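Asks: Structure, please.
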Amino acid sequence: MKVRALAVLAFLVLAASVSAQNYPSRPVRLIVPFPPGETMDIMSRLIAPKVSERLGQQLIVDNRPGASGMLGLDLVAKAAPDGYTIGGGQAGNMAMLPHTSRNVAYHALRDFSPIALSTTNYLGIISSPQGPFATIQEMVAYAKLHPGALTVATNGEGGFPHLAFEYLRVLGGFTFTHVPYKGASAIVGDLAGGQVMAGITSIATAAPHAKSGRVRMIAVTNRTRVPLWPDVPAASEAVPGYESGGWFGYVAPAGTPHEIVVRLNEEINRAVRLPDVSEKLVNNGLTVVAESPEYFAEYLRNDYAKYGKLVKDIGFQPQ
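Replies: The predicted structure follows:
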(Lines give C-alpha, C1' and ligand atoms only; values in the text may rest on other atoms or scores of the structure.)
Protein backbone atom coordinates (compact mmCIF):
# COMPACT_ATOMS: atom_id res chain seq x y z
CA MET A 1 0.00 0.00 0.00
CA LYS A 2 2.84 2.37 0.87
CA VAL A 3 4.50 1.75 -2.50
CA ARG A 4 1.19 2.38 -4.29
CA ALA A 5 0.64 5.61 -2.34
CA LEU A 6 4.12 6.84 -3.25
CA ALA A 7 3.52 5.96 -6.89
CA VAL A 8 0.25 7.91 -6.91
CA LEU A 9 1.97 10.90 -5.28
CA ALA A 10 4.79 10.80 -7.82
CA PHE A 11 2.26 10.67 -10.66
CA LEU A 12 0.38 13.69 -9.27
CA VAL A 13 3.59 15.69 -8.90
CA LEU A 14 4.62 14.81 -12.46
CA ALA A 15 1.16 15.68 -13.79
CA ALA A 16 1.25 19.06 -12.05
CA SER A 17 4.73 19.72 -13.45
CA VAL A 18 3.65 18.88 -17.00
CA SER A 19 0.53 21.06 -16.57
CA ALA A 20 2.67 23.99 -15.42
CA GLN A 21 5.03 23.56 -18.38
CA ASN A 22 2.10 23.70 -20.81
CA TYR A 23 0.48 26.66 -19.06
CA PRO A 24 -1.58 28.36 -20.29
CA SER A 25 -3.41 26.23 -22.84
CA ARG A 26 -6.64 28.25 -22.68
CA PRO A 27 -7.77 31.77 -21.65
CA VAL A 28 -7.14 32.92 -18.08
CA ARG A 29 -9.95 34.61 -16.15
CA LEU A 30 -9.04 37.66 -14.07
CA ILE A 31 -11.81 38.43 -11.57
CA VAL A 32 -11.91 42.12 -10.69
CA PRO A 33 -14.12 42.37 -7.59
CA PHE A 34 -15.04 46.00 -8.25
CA PRO A 35 -17.13 47.89 -10.84
CA PRO A 36 -15.68 49.23 -14.11
CA GLY A 37 -13.83 52.51 -13.70
CA GLU A 38 -12.40 51.86 -10.25
CA THR A 39 -8.67 51.59 -9.63
CA MET A 40 -8.35 47.79 -9.74
CA ASP A 41 -10.39 47.70 -12.95
CA ILE A 42 -8.30 50.43 -14.59
CA MET A 43 -5.02 48.71 -13.71
CA SER A 44 -6.29 45.29 -14.79
CA ARG A 45 -7.50 46.55 -18.17
CA LEU A 46 -4.17 48.27 -18.75
CA ILE A 47 -2.13 45.12 -18.14
CA ALA A 48 -4.52 42.52 -19.62
CA PRO A 49 -3.53 42.97 -23.30
CA LYS A 50 0.18 43.09 -22.39
CA VAL A 51 -0.02 39.90 -20.34
CA SER A 52 -2.21 38.20 -22.98
CA GLU A 53 0.40 38.86 -25.65
CA ARG A 54 3.15 37.29 -23.56
CA LEU A 55 1.10 34.29 -22.41
CA GLY A 56 -0.22 33.50 -25.87
CA GLN A 57 -3.71 33.27 -24.37
CA GLN A 58 -6.28 35.90 -23.47
CA LEU A 59 -6.32 37.31 -19.94
CA ILE A 60 -10.02 38.10 -19.66
CA VAL A 61 -11.13 40.77 -17.16
CA ASP A 62 -14.35 39.70 -15.43
CA ASN A 63 -15.93 42.35 -13.17
CA ARG A 64 -17.69 40.79 -10.17
CA PRO A 65 -18.41 43.70 -7.82
CA GLY A 66 -20.21 43.62 -4.51
CA ALA A 67 -19.70 43.67 -0.73
CA SER A 68 -16.65 45.95 -0.95
CA GLY A 69 -14.76 43.44 -3.09
CA MET A 70 -15.54 40.36 -0.99
CA LEU A 71 -17.88 38.63 -3.45
CA GLY A 72 -15.42 38.49 -6.33
CA LEU A 73 -12.51 37.50 -4.12
CA ASP A 74 -14.55 34.63 -2.68
CA LEU A 75 -15.04 33.33 -6.24
CA VAL A 76 -11.26 33.26 -6.61
CA ALA A 77 -10.81 31.42 -3.31
CA LYS A 78 -13.27 28.72 -4.42
CA ALA A 79 -11.89 28.32 -7.96
CA ALA A 80 -9.73 25.40 -9.08
CA PRO A 81 -6.05 26.04 -8.23
CA ASP A 82 -4.90 25.55 -11.81
CA GLY A 83 -3.92 29.10 -12.79
CA TYR A 84 -6.96 29.70 -14.97
CA THR A 85 -8.74 31.87 -12.41
CA ILE A 86 -6.92 34.69 -10.65
CA GLY A 87 -8.23 37.80 -8.95
CA GLY A 88 -7.57 41.30 -7.73
CA GLY A 89 -6.77 41.80 -4.08
CA GLN A 90 -6.22 45.04 -2.20
CA ALA A 91 -5.85 46.41 1.30
CA GLY A 92 -9.61 46.57 1.80
CA ASN A 93 -10.77 43.10 0.85
CA MET A 94 -7.66 41.26 2.08
CA ALA A 95 -6.26 43.13 5.10
CA MET A 96 -9.16 45.17 6.50
CA LEU A 97 -12.51 43.51 5.81
CA PRO A 98 -11.50 40.23 7.48
CA HIS A 99 -11.44 42.27 10.72
CA THR A 100 -14.44 44.53 10.10
CA SER A 101 -17.02 42.28 8.45
CA ARG A 102 -18.79 39.20 9.76
CA ASN A 103 -19.56 38.16 6.18
CA VAL A 104 -16.07 37.33 4.88
CA ALA A 105 -16.26 33.78 3.54
CA TYR A 106 -12.52 33.39 2.87
CA HIS A 107 -9.36 33.57 4.97
CA ALA A 108 -7.02 36.10 3.41
CA LEU A 109 -3.86 34.34 4.60
CA ARG A 110 -4.86 30.73 3.94
CA ASP A 111 -7.12 30.68 0.88
CA PHE A 112 -4.86 32.39 -1.67
CA SER A 113 -1.48 32.10 -3.36
CA PRO A 114 -0.14 35.68 -3.65
CA ILE A 115 1.07 36.39 -7.19
CA ALA A 116 2.19 40.00 -7.37
CA LEU A 117 2.00 43.17 -5.29
CA SER A 118 1.69 45.60 -8.19
CA THR A 119 1.01 49.10 -6.85
CA THR A 120 0.52 51.16 -3.71
CA ASN A 121 -1.73 54.20 -3.46
CA TYR A 122 -3.27 56.98 -1.42
CA LEU A 123 -6.89 58.12 -1.35
CA GLY A 124 -8.58 61.42 -2.07
CA ILE A 125 -10.97 63.14 0.32
CA ILE A 126 -13.56 64.95 -1.77
CA SER A 127 -16.44 67.25 -0.90
CA SER A 128 -19.62 68.58 -2.44
CA PRO A 129 -19.42 72.04 -4.02
CA GLN A 130 -22.79 72.65 -2.35
CA GLY A 131 -21.53 71.69 1.10
CA PRO A 132 -20.78 73.88 4.13
CA PHE A 133 -16.99 73.56 3.84
CA ALA A 134 -14.37 73.91 1.10
CA THR A 135 -11.16 72.72 2.82
CA ILE A 136 -10.09 69.82 5.01
CA GLN A 137 -9.59 72.21 7.92
CA GLU A 138 -13.13 73.54 7.50
CA MET A 139 -14.50 69.99 7.30
CA VAL A 140 -12.88 68.99 10.60
CA ALA A 141 -14.09 72.21 12.26
CA TYR A 142 -17.64 71.65 10.95
CA ALA A 143 -17.68 68.06 12.22
CA LYS A 144 -16.56 69.16 15.68
CA LEU A 145 -19.12 71.97 15.82
CA HIS A 146 -21.99 69.76 14.55
CA PRO A 147 -21.50 66.22 15.98
CA GLY A 148 -22.77 63.56 13.58
CA ALA A 149 -23.91 66.06 10.94
CA LEU A 150 -21.00 65.39 8.58
CA THR A 151 -22.08 62.74 6.04
CA VAL A 152 -19.24 60.78 4.42
CA ALA A 153 -19.61 58.36 1.50
CA THR A 154 -17.36 55.34 0.94
CA ASN A 155 -17.50 52.23 -1.24
CA GLY A 156 -18.73 50.02 1.60
CA GLU A 157 -18.96 49.28 5.31
CA GLY A 158 -15.62 48.29 6.81
CA GLY A 159 -13.62 48.69 3.60
CA PHE A 160 -10.30 50.49 3.20
CA PRO A 161 -11.77 53.98 2.55
CA HIS A 162 -14.20 53.63 5.46
CA LEU A 163 -11.49 52.51 7.87
CA ALA A 164 -9.16 55.23 6.61
CA PHE A 165 -11.78 57.85 7.48
CA GLU A 166 -12.50 56.22 10.84
CA TYR A 167 -8.80 56.59 11.60
CA LEU A 168 -9.02 60.29 10.66
CA ARG A 169 -12.04 60.61 12.99
CA VAL A 170 -10.16 59.12 15.93
CA LEU A 171 -7.05 61.26 15.47
CA GLY A 172 -9.11 64.37 14.68
CA GLY A 173 -11.54 64.04 17.57
CA PHE A 174 -14.76 64.45 15.60
CA THR A 175 -17.77 62.36 14.58
CA PHE A 176 -19.47 61.67 11.25
CA THR A 177 -22.31 59.69 9.69
CA HIS A 178 -21.15 56.96 7.32
CA VAL A 179 -23.01 56.52 4.00
CA PRO A 180 -21.89 53.25 2.33
CA TYR A 181 -22.24 52.71 -1.43
CA LYS A 182 -21.84 49.56 -3.53
CA GLY A 183 -19.14 51.21 -5.64
CA ALA A 184 -17.07 54.39 -5.66
CA SER A 185 -18.36 55.73 -8.99
CA ALA A 186 -21.87 56.34 -7.61
CA ILE A 187 -20.45 58.52 -4.84
CA VAL A 188 -19.49 61.31 -7.23
CA GLY A 189 -23.02 61.81 -8.54
CA ASP A 190 -24.48 62.17 -5.05
CA LEU A 191 -21.66 64.48 -3.97
CA ALA A 192 -22.23 66.69 -7.00
CA GLY A 193 -25.95 66.74 -6.22
CA GLY A 194 -25.43 67.58 -2.57
CA GLN A 195 -26.94 64.37 -1.17
CA VAL A 196 -23.75 63.75 0.85
CA MET A 197 -21.18 66.26 2.10
CA ALA A 198 -17.92 64.38 1.65
CA GLY A 199 -16.43 61.17 0.35
CA ILE A 200 -13.18 59.25 0.44
CA THR A 201 -12.21 57.25 -2.62
CA SER A 202 -9.42 56.37 -5.02
CA ILE A 203 -7.62 59.09 -6.94
CA ALA A 204 -8.63 57.30 -10.15
CA THR A 205 -12.29 57.85 -9.28
CA ALA A 206 -11.92 61.34 -7.85
CA ALA A 207 -9.42 63.00 -10.21
CA PRO A 208 -11.46 63.59 -13.39
CA HIS A 209 -14.42 64.94 -11.43
CA ALA A 210 -12.23 67.17 -9.27
CA LYS A 211 -10.61 68.57 -12.41
CA SER A 212 -14.01 69.25 -13.98
CA GLY A 213 -15.32 70.94 -10.83
CA ARG A 214 -18.11 68.44 -10.08
CA VAL A 215 -16.49 67.79 -6.70
CA ARG A 216 -13.72 69.39 -4.65
CA MET A 217 -10.53 67.51 -3.81
CA ILE A 218 -9.85 68.79 -0.30
CA ALA A 219 -7.10 66.39 0.85
CA VAL A 220 -5.02 63.31 0.09
CA THR A 221 -4.35 60.59 2.66
CA ASN A 222 -0.63 60.47 1.85
CA ARG A 223 1.78 61.57 4.58
CA THR A 224 2.70 64.66 2.54
CA ARG A 225 1.38 66.51 -0.50
CA VAL A 226 1.83 64.66 -3.78
CA PRO A 227 3.39 65.92 -7.05
CA LEU A 228 0.24 65.31 -9.10
CA TRP A 229 -1.84 67.51 -6.77
CA PRO A 230 0.61 70.05 -5.30
CA ASP A 231 -2.15 72.46 -4.27
CA VAL A 232 -4.16 69.81 -2.42
CA PRO A 233 -3.13 69.48 1.24
CA ALA A 234 -2.33 66.24 2.98
CA ALA A 235 -4.99 65.40 5.56
CA SER A 236 -2.22 65.55 8.16
CA GLU A 237 -2.17 69.33 7.72
CA ALA A 238 -5.55 69.39 9.48
CA VAL A 239 -5.07 66.27 11.63
CA PRO A 240 -1.38 65.93 12.61
CA GLY A 241 0.04 62.41 12.46
CA TYR A 242 -2.54 61.09 10.01
CA GLU A 243 -1.57 58.88 7.06
CA SER A 244 -3.39 56.02 5.35
CA GLY A 245 -2.25 54.19 2.22
CA GLY A 246 -3.36 51.12 0.34
CA TRP A 247 -2.17 48.63 -2.26
CA PHE A 248 -3.33 46.54 -5.21
CA GLY A 249 -2.14 43.11 -6.27
CA TYR A 250 -3.14 39.78 -7.77
CA VAL A 251 -3.78 36.40 -6.16
CA ALA A 252 -4.59 32.83 -7.22
CA PRO A 253 -6.44 30.14 -5.27
CA ALA A 254 -4.34 28.44 -2.59
CA GLY A 255 -2.49 25.44 -3.97
CA THR A 256 -1.85 26.89 -7.42
CA PRO A 257 1.44 25.37 -8.71
CA HIS A 258 4.42 27.55 -7.83
CA GLU A 259 5.69 27.52 -11.42
CA ILE A 260 2.41 29.05 -12.61
CA VAL A 261 2.46 31.67 -9.85
CA VAL A 262 6.02 32.63 -10.83
CA ARG A 263 5.10 32.86 -14.53
CA LEU A 264 2.13 35.11 -13.80
CA ASN A 265 4.25 37.22 -11.46
CA GLU A 266 6.86 37.76 -14.16
CA GLU A 267 4.33 38.79 -16.80
CA ILE A 268 2.26 41.03 -14.51
CA ASN A 269 5.40 42.76 -13.19
CA ARG A 270 6.68 43.25 -16.73
CA ALA A 271 3.35 44.77 -17.77
CA VAL A 272 3.09 47.32 -14.94
CA ARG A 273 6.68 48.45 -15.57
CA LEU A 274 6.06 49.23 -19.26
CA PRO A 275 6.30 53.03 -19.75
CA ASP A 276 2.89 53.38 -21.40
CA VAL A 277 1.28 51.46 -18.52
CA SER A 278 3.25 52.86 -15.58
CA GLU A 279 2.62 56.45 -16.69
CA LYS A 280 -1.13 55.88 -16.63
CA LEU A 281 -0.91 54.16 -13.26
CA VAL A 282 1.01 57.09 -11.79
CA ASN A 283 -1.58 59.50 -13.20
CA ASN A 284 -4.20 57.50 -11.30
CA GLY A 285 -2.40 58.05 -8.00
CA LEU A 286 -0.52 54.75 -7.96
CA THR A 287 3.12 53.89 -7.28
CA VAL A 288 4.42 50.86 -9.19
CA VAL A 289 5.91 48.22 -6.88
CA ALA A 290 6.07 44.98 -8.94
CA GLU A 291 7.48 42.65 -6.28
CA SER A 292 7.85 38.87 -5.93
CA PRO A 293 5.19 36.43 -4.66
CA GLU A 294 7.21 35.97 -1.45
CA TYR A 295 7.40 39.73 -0.89
CA PHE A 296 3.65 40.03 -1.43
CA ALA A 297 2.92 37.18 1.00
CA GLU A 298 4.99 38.83 3.73
CA TYR A 299 3.50 42.26 2.99
CA LEU A 300 -0.01 40.80 3.26
CA ARG A 301 0.77 39.13 6.59
CA ASN A 302 2.10 42.39 8.02
CA ASP A 303 -0.85 44.46 6.76
CA TYR A 304 -3.34 41.88 8.03
CA ALA A 305 -1.85 42.14 11.52
CA LYS A 306 -1.55 45.94 11.38
CA TYR A 307 -5.17 46.55 10.45
CA GLY A 308 -6.40 43.94 12.90
CA LYS A 309 -4.75 45.99 15.64
CA LEU A 310 -6.13 49.26 14.22
CA VAL A 311 -9.70 47.92 14.23
CA LYS A 312 -9.36 47.06 17.91
CA ASP A 313 -7.69 50.37 18.77
CA ILE A 314 -10.46 52.50 17.21
CA GLY A 315 -13.19 50.34 18.69
CA PHE A 316 -14.79 49.38 15.38
CA GLN A 317 -17.40 46.64 15.75
CA PRO A 318 -17.62 44.07 12.92
CA GLN A 319 -20.78 44.58 10.90
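
Asks: now the stretch 1-150 of the chain, which segments are flagged as low pLDDT?
Replies: Along the stretch 1-150 of the chain, segments meeting pLDDT under 70 span 1-19.

Asks: all helices of it, in order?
Replies: Assigned helices in the stretch 1-150 of the chain, in chain order: 2-21, 39-55, 70-78, 97-100, 136-145 (criterion: DSSP state H, counting those that start in this stretch).

Asks: Enumerate the positions of the last one that are buried.
Replies: Along helix 136-145, the positions that meet the burial threshold by neighbour count (16 or more other CB atoms under 10 Å) are 136, 139, 140, 142, 143. Yep, even glycine has a C-beta here, placed from its N, CA and C like the rest.

Asks: any idea how far residue 187 is from residue 54?
Replies: Relative to residue 187, residue 54 is positioned 36 Å away (CB to CB, to the nearest Å).

Asks: between these two, which one's more packed in?
Replies: More crowded of residue 54 and residue 187, by other CB atoms under 10 Å: residue 187, with 28 against 15.

Asks: Tell me which residues touch residue 134, please.
Replies: Residue 134 is in contact with 127, 216, 218, counting by CB atoms under 8 Å, 6 or more residues apart in numbering.

Asks: Run through the neighbouring helices and strands of the helix or strand containing the last one.
Replies: Which is residue 218. Applying DSSP states H and E as the criterion places residue 218 in strand 216-220. Other helices and strands packing on strand 216-220, by 3 or more CB pairs under 8 Å, 6 or more residues apart in numbering; DSSP states H and E, are strand 112-127, helix 136-145, helix 203-212.

Asks: for those, which one sits closest to residue 288?
Replies: With respect to residue 288, and counting by CB to CB, the nearest of the helices and strands packed on strand 216-220 is strand 112-127 at 5.7 Å.

Asks: Tell me the strands beside the closest one, with direction?
Replies: If you go by DSSP bridges, strand 112-127 pairs up with strand 198-202 (antiparallel), strand 216-220 (antiparallel), strand 245-253 (antiparallel), strand 286-288 (antiparallel).

Asks: so after the longest one, what's the next helix or strand?
Replies: So the one you mean is strand 245-253. On the C-terminal side of strand 245-253, the closest following helix or strand by DSSP H and E is helix 258-273.

Asks: In JSON lines: the strands paired with strand 112-127, plus mean pLDDT and distance to residue 88.
Replies: Below are those laid out as JSON lines (pLDDT from 0 to 100; distance: least, CB to CB, whole Å):
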{"stretch": "strand 198-202", "mean pLDDT": "94", "distance to residue 88": "13"}
{"stretch": "strand 216-220", "mean pLDDT": "97", "distance to residue 88": "23"}
{"stretch": "strand 245-253", "mean pLDDT": "95", "distance to residue 88": "6"}
{"stretch": "strand 286-288", "mean pLDDT": "89", "distance to residue 88": "13"}
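
Asks: Return the most buried member of those strands.
Replies: Here the criterion is mean neighbour count by mean count of other CB atoms under 10 Å, and of these the winner is strand 198-202, at a mean of 27.

Asks: next one: it to chain centre, how far?
Replies: 14 Å (CA atoms, centre = their mean, to the nearest Å).

Asks: what do you get for stretch 168-185?
Replies: For stretch 168-185, the distance to the chain centre is 17 Å (CA atoms, centre = their mean).

Asks: now do stretch 245-263
Replies: On CA atoms, centre = their mean, the centre of stretch 245-263 falls 15 Å from the chain's centre.

Asks: Report the inter-axis angle for the strand holding residue 218 versus helix 203-212.
Replies: Calculated by axes from the mean of the first three to the mean of the last three CA atoms, to 10 degrees, strand 216-220 forms an angle of 140 degrees with helix 203-212.

Asks: what angle sits between strand 216-220 and helix 136-145?
Replies: Going by the same axes, to 10 degrees, strand 216-220 makes 90 degrees with helix 136-145.

Asks: Put together JSON lines for the strands paired with strand 112-127, with distance to residue 319 on each row.
Replies: Listed next are these as JSON lines, based on distance: least, CB to CB, whole Å:
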{"stretch": "strand 198-202", "distance to residue 319": "17"}
{"stretch": "strand 216-220", "distance to residue 319": "26"}
{"stretch": "strand 245-253", "distance to residue 319": "20"}
{"stretch": "strand 286-288", "distance to residue 319": "28"}
